[in-house]
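S.K.: the sequence and its predicted three-dimensional model are supplied below.
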Amino acid sequence: MRLKEILRTATQAWSPAAHHPTYLALGTSAQQLDASFNTTSALEIFEMDFADPSLEMKLSGSITTTHRFHSLIWVNFGLGVGGSAGRLVGGSDNGTVTVYRPEGIMASLEDAIVGESNKHTGPVRALDYNPFQSNLLASGANDSEIYIWDLNNFSNPMTPGTKAQVIKPLEDVSVVAWNRQVQHIMASASPSGKAVVWDLRKNEPIIKISDHSNRMHCSGMLWHPEVATQLVLASEDDRLPVIQMWDLRFATSPLKVLESHTRGILSISWSQADPELLLSSAKDNRILCWNPMTGEVIYELPTANQWCFDVQWCPRNPALLSAASFDGHISVYSVMGGSLSAQQLASVDKISASFDAMDPFGTGQVLPPLQVPQSPTQPTIIPPLKKPPKWVRRPVGARFAFGGKLITFENSKPPQQPSTQQLPGQVFVSQVTTETEFLQRSRELQVALETGSFTSFCQAKIRSADSESEQDVWRFLMVNFEDEARVKFLRLLGFSRDELERKVNNSIFLNHNFELKCRTQHMVTQQNVSSAFNPSPNDLPFSVDTDGLITQALLVGNFEGAVDLCLSDGRFAEAILLAISGGEELLKRTQQRYLAKQRNMVTQNWRDIVHSCELENWKEALAALLTYAHPEEFAQLCDMLGMRLEAGGSEKQRLQACLCYICSGNIEKLVGCWNQHRDCTSPLALEDLVEKVMILQKSIERLRSEEVAVKSAILADKLTHYASLLASQGSLATAMSYLCKTRVIQILRDRLFHAQGERAQGPQPPCPYPKAQTRAAAPDHTPAAVTQNPQRPRGHHVPKQLFHPPNAPASAPLGFMSGPPGPPVPPSSTSGNIPMMHNPGPPPPGFIPPSSIPSTPPAMPPNMLPGGPVPMFPSVPHSQGGMPPPPSGTYLPVGPGYPQGGPGAPAAKPFSGPAVPPPPTGEVLYNTVSTATFYFPLPQVAAVLHFPPNGLRCRSLKPLSLLAQLLQHLPTERVEQKDIPAEHQVLKHTFDSLVQRCQLAAGDPQTKRKLDDASKRLHHLYDKLREQALSPSILSGLHEISHCIGSRSYQRGLEVHTQVVTSSNFSEISAFMPILKVLMTIGNKLGV
């Protein structure tokens, strides 16, 4: 791309690489005339100001000369010394060699010329300086004259060899060039195509090169910038327009011939920054850039239709080059390409400035502004080189890759010997391991998981634990793999039956009178009681203490008062004995008061015990649960005790809570509690957590005899981080075994599988990216597949004889038995009377899915319902009229927990009853009167059978038989709704939780109405999440808003909300973003 241009017919020379700023010196060219036939000559220096987008060059200085130039070079001799800019040396047409001071020319000083010599007898066409000794200068002229000049003593040049050693006949010297690697080697060439290599130490030629065809008219010669024995020769002959590459070790023929020009070559230039870039200009009006190693043309400059007689690379900026043409243009180009838009605008402005905008024709009348419609023009883009040049390429590089791989490369220097092929670069792949202890512990865990040696693994962890609390955690985990786990849990808590029995026996042996003293104490107690009824005159306490008051109450016959005093003083046995004498009514009330005080232990109300016990006595409470708690309540009670300890706040109590969660087998609670009081960001701390979680999970799988999937967002995040750490250390196969099935983790699984290559084991994981399916559109008459919310035809309905439901109130509770109510179903927004199932959610615990209901109901007693809870203790009395709701303490653990009762618990015996025949077909199902009314939801039926959204009200003891018959008449078409992706479930949980908190805290009706409207409008957001119809930027903003709501940072959430709204398409977010702002405003106002 052309950057600068000036109208001059001149020979050019760039300032040295060390000089700043970059200058271009131009000397009037000899044997060339312009259209004005001007015979003056000058030496000018121009500054390259690339900050200016125009093509003009800034003139820094000039000097008038008495002669014109055949050659011009800028030497870095004395550069930087005393402000020196080096030396400019020019060879003129009259044989004069003149030395100039560039700083003198730019300052217009009179002493700009520092040296001048007329030794040569003809025009000086060749000049070059020694790159190692910048004071040495070589010049060539007619009759094979070659002089070596010393700029320190310019008056006495030396001659390499004698004229007798030069090839006869004598010729003009067109080129001289110093070797770029060896300072005493120089070469010269003549137009006849002959080249001579000189050894200046011996002052004699050492080798002569010539082409056998005798058609090689040499116009240029250059040494290889890096290989000392290689040089190139350019031919000006139109019959042989080639560039020959020679190697002095094989000087019988050219090493390589570059053929692409169609006419003779006028000039060549070899880039000192990249040996793979060689410029050539020829009579075919082309400027080509070659790769001499391959002989390929890698770039062609766009030039005018004129010959370029001189091209040169810029030493300071290797991407720049200058070209001098016979039409009087000196142009500066860049081989890195670019856009010409700035230059096009500058040229337009220049044309406009040439005219007077007010009165262009001098008529005295101002012309109106010209309004020309400007069509948008595409900017002209100039492409760069086909391959990156050396100064852009990195000599060395390193980059970490997935799987702990380190990729390194090094671009070695080209070999000094000739090669027909370019050596390929080498890339090294190595495995980097930084966490050796982490990897070792991970391997030990993996061995334990694969071999099943969990007990030995736990024992090793106990031995290596550095604290007592860590040992306790591993002891509790190890007990899960042993028999009689509950007994061993008690032993770890310090309550061993064997130890207690041993202590009792020791006490008996140490004190032989223990039993006698007990009996004596019992007799004394009986005597005290009898004395209360028959006091002797000498033993009647009339004091004002409790004993005296009891005696006085008995003396006056106030048994009720005496009983109250005994109960208040904790004398329960005496109170019961006195109540016996006070009558049956007093005895009954006393028994009730006694049982009320001892209710928890007597009635085994362990929930109240867990809620009311002191946290310092957590061991006693856990021991009581291990000994007496019902199997179906054990896990929930342990979790309740653990949550109380976790809420205590101290690190010790949180560790105690972890022990409770281990007993209950609640992995999710264990991970959450451990994550709160331990920093799991470091690899070793994360390894501690993963070891405990995997061992606990294996113990649960051992008891359940099936795999357990833990649905915990925190655990999924930790396992993802853990797998990433393993992958970064090169343990790819192990990392795959810890990943579950979320979208983010599926992407990581896919990367891990393909990173293993041929070593990958197991089936390939599914592709985590959506696949685009293209197919022809279906005809208009083809019905579309119904995926969600299908509309039923108006004429389709269920036979009327099956349903005679009474009008259920709108506030009828939703749910079956005492299960929790399901989510409310919003009213339908479609036409017709078919309610839409917007978000049915999971069925309540009492609901039996259709696939589990047989066509003929199984035999069940009249007072039992299928799906209801089976009593663990059949001896507990219950009502005969209907099945009472289960107690609030009933806990049926589902998911990744222990079976009912935890480790070591006895299996529950199923309850069997008499068989009951199925109801006869065709009977009216709503005429049975019962003492209980049941409501059960129909999640998939209500949208099809025109049921009210609150469910059916059935005054019958056989609702599931009704449900079985209803499901038999369902059509084959089902209403299906996609689930919200797992990575976006946190959005629904956070927003719904905020609505619930605000509804509990709101007091005024207006706010409650807003919250009800918000709850409905949030479903639009959930629908878009299910359909994955939101852009990544909106999803990112929603997750950041969710994080702000979770941390109560509502102001920050409103700022993020504003950013999302302003940067997104409002039609995409208008259905839910306004209500999110209302929600956060209400939450901030209520402080929830």
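M.R.: Structure received. Numbers count the residues shown, from 1 in each chain.
S.K.: just give the nearest non-adjacent residue to Q181, would you?
M.R.: A228 (3.6 Å; Cβ to Cβ, 6 or more residues apart in numbering). C-beta here means a position set from N, CA and C on the backbone, and glycine is covered the same way.
S.K.: scratch that, E620 is what I was asking about
M.R.: Using Cβ to Cβ, 6+ apart and skipping the chain neighbours, the partner closest in space to E620 is C613 (7.4 Å).
S.K.: quick check: the gap between that neighbour and D472.
M.R.: 20 Å (Cβ to Cβ, to the nearest Å).
S.K.: near the residue nearest to E620, how many other residues are there?
M.R.: 17 (other Cβ atoms under 10 Å).
S.K.: same thing with I6?
M.R.: 18.
S.K.: what do you get for D49?
M.R.: D49, neighbours per other Cβ under 10 Å, totals 13.
S.K.: helices or strands up against the one helix or strand G642 maps to?
M.R.: Following DSSP states H and E, one finds G642 within helix 631-647. Helices and strands touching helix 631-647, by 3 or more Cβ pairs under 8 Å, 6 or more residues apart in numbering; DSSP states H and E, are helix 606-612, helix 618-628, helix 651-664, helix 667-677.
S.K.: if we use 6 Å, what do you get?
M.R.: helix 606-612, helix 618-628, helix 651-664 (3 or more Cβ pairs under 6 Å, 6 or more residues apart in numbering; DSSP states H and E).
S.K.: lowest average pLDDT across these?
M.R.: Looking at those, the lowest mean pLDDT belongs to helix 606-612 (a mean of 79).
S.K.: circling back to that earlier point, which of the helices and strands packed on helix 631-647 sits most buried?
M.R.: The highest mean neighbour count among the helices and strands packed on helix 631-647, using mean count of other Cβ atoms under 10 Å, belongs to helix 651-664: a mean of 23.
S.K.: and the contacts of it?
M.R.: 469, 476, 618, 635, 638-639, 641-642, 645-646, 669-670, 673, 677 (Cβ atoms under 6 Å, 6 or more residues apart in numbering).
S.K.: does the residue nearest to E620 touch A621 like I think?
M.R.: Yes. If you go by Cβ atoms under 6 Å, C613 and A621 touch, sitting 4.6 Å apart.
S.K.: next, find the distance separating S430 from S442.
M.R.: Distance from S430 to S442, by Cβ to Cβ: 21 Å.
S.K.: how about G264?
M.R.: Distance, G264 to S442, by Cβ to Cβ: 72 Å.
S.K.: of these two, which one has the most company?
M.R.: S442 (23 against 20).
S.K.: pull up the gap between the more buried one and K405, please.
M.R.: When Cβ to Cβ is the yardstick, S442 and K405 sit 18 Å from each other.
S.K.: sorry, back to before: quick one: buried residues of the helix holding G642?
M.R.: 631-646 (16 or more other Cβ atoms under 10 Å).
S.K.: just stretch 748-763 next, same as before
M.R.: 748-753, 755, 760.
S.K.: can I get these in JSON lines with secondary structure, distance to Q999 and pLDDT?
M.R.: Below are those laid out as JSON lines (DSSP: H, G, I helix; E, B strand; the rest coil; distance: Cβ to Cβ, whole Å; pLDDT from 0 to 100):
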{"residue": "L748", "secondary structure": "helix", "distance to Q999": "39", "pLDDT": "72"}
{"residue": "R749", "secondary structure": "helix", "distance to Q999": "41", "pLDDT": "71"}
{"residue": "D750", "secondary structure": "helix", "distance to Q999": "43", "pLDDT": "76"}
{"residue": "R751", "secondary structure": "helix", "distance to Q999": "44", "pLDDT": "76"}
{"residue": "L752", "secondary structure": "helix", "distance to Q999": "45", "pLDDT": "75"}
{"residue": "F753", "secondary structure": "helix", "distance to Q999": "47", "pLDDT": "76"}
{"residue": "A755", "secondary structure": "helix", "distance to Q999": "49", "pLDDT": "77"}
{"residue": "A760", "secondary structure": "coil", "distance to Q999": "51", "pLDDT": "71"}
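S.K.: tell me which of these is nearest to K1008?
M.R.: K1008 has its nearest neighbour among those in L748, at 44.4 Å by Cβ to Cβ.
S.K.: and M221, that's in a helix?
M.R.: No. M221 sits outside any helix when classified using DSSP: H, G, I helix; E, B strand; the rest coil, being strand.
S.K.: that one against V175, yeah?
M.R.: Yes. Using Cβ under 6 Å, M221 makes contact with V175 at a distance of 4.3 Å.
S.K.: who touches both of these two?
M.R.: Contact criterion Cβ under 6 Å, 6+ apart; residues bridging M221 and V175 by contacting each: A189.
S.K.: A733 and G80: what is the separation?
M.R.: A733 is 62 Å from G80, where distance means Cβ to Cβ.
S.K.: fine by me, thanks again.
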